[in-house]
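Student: Provided below are the primary sequence and the corresponding predicted coordinates.
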Amino acid sequence: QVQLVESGGGLVQTGDSLRLSCAPSGLTFSIYAMAWCRQAPGKEREFVAAISRSAGSTYYSDSVKGRFTISRDNAKNTVYLQMNSLKPEDTAVYYCAATLTLNSDYVPHSPTGFGSWGQGTQVTVSS
């Protein structure tokens with residue numbers, strides 16, 4: 001059974017940084033592309049960032065480009081989302097997602113490309 005467990009969320013102030021982690025189990029991490037999405041109250045789920053299984057390709061939404069960095073450590077079976085210069089509009093529940101990919105450098109650019117999801121971790125940025 002595939003399980004994705006997010007951690008690292010919390011309450012911070014505008015301009016602060018946070019690093020989210022996601023440690024999947026029940027899958028061979030190195031052959032899965034990984035992603036982070038977020039959902040604020042009353043809004044649709046937003047695709048934030050994704051990384052290929054090789055870490056050779058990444059994708060960011062325009063809203064976080066230049067502030068967030070997705071990375072992975074295949075030895076530790078963990079994917080990270082480093083979030084800098086946080087803004088109140090970054091407040092949301094952040095979800096980790098995984099999808100098996102055949103191409104090591106392929107990364108889906110949409111949540112529909114990911115089949116496994118975590119339960120989410122809350123990030124709140126106060127103004």
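Tutor: Here it is on my side, so go on.
Student: quick check: which element contains the residue positioned nearest the centre of the chain?
Tutor: The central residue of the chain, meaning the one whose C-alpha is nearest the mean C-alpha position (CA atoms, centre = their mean), is residue 36 at 2.1 Å. Using DSSP states H and E, residue 36 falls within strand 32-39.
Student: in its sheet, what does that strand sit against?
Tutor: If you go by DSSP bridges, strand 32-39 pairs up with strand 46-51 (antiparallel), strand 92-100 (antiparallel).
Student: same list, those, but as CSV with distance to residue 86 and mean neighbour count please.
Tutor: All C-beta spots, glycine's among them, are computed from the backbone N, C-alpha and C. Converted to CSV, the strands paired with strand 32-39 look like this (distance: least, CB to CB, whole Å; neighbours: other CB atoms under 10 Å):
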stretch, distance to residue 86, mean neighbour count
strand 46-51, 13, 23
strand 92-100, 11, 22
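Student: name whatever forms a beta bridge with the residue nearest to the centre of the chain.
Tutor: Under DSSP bridges, the beta-bridge partners of residue 36 are residue 49, residue 96.
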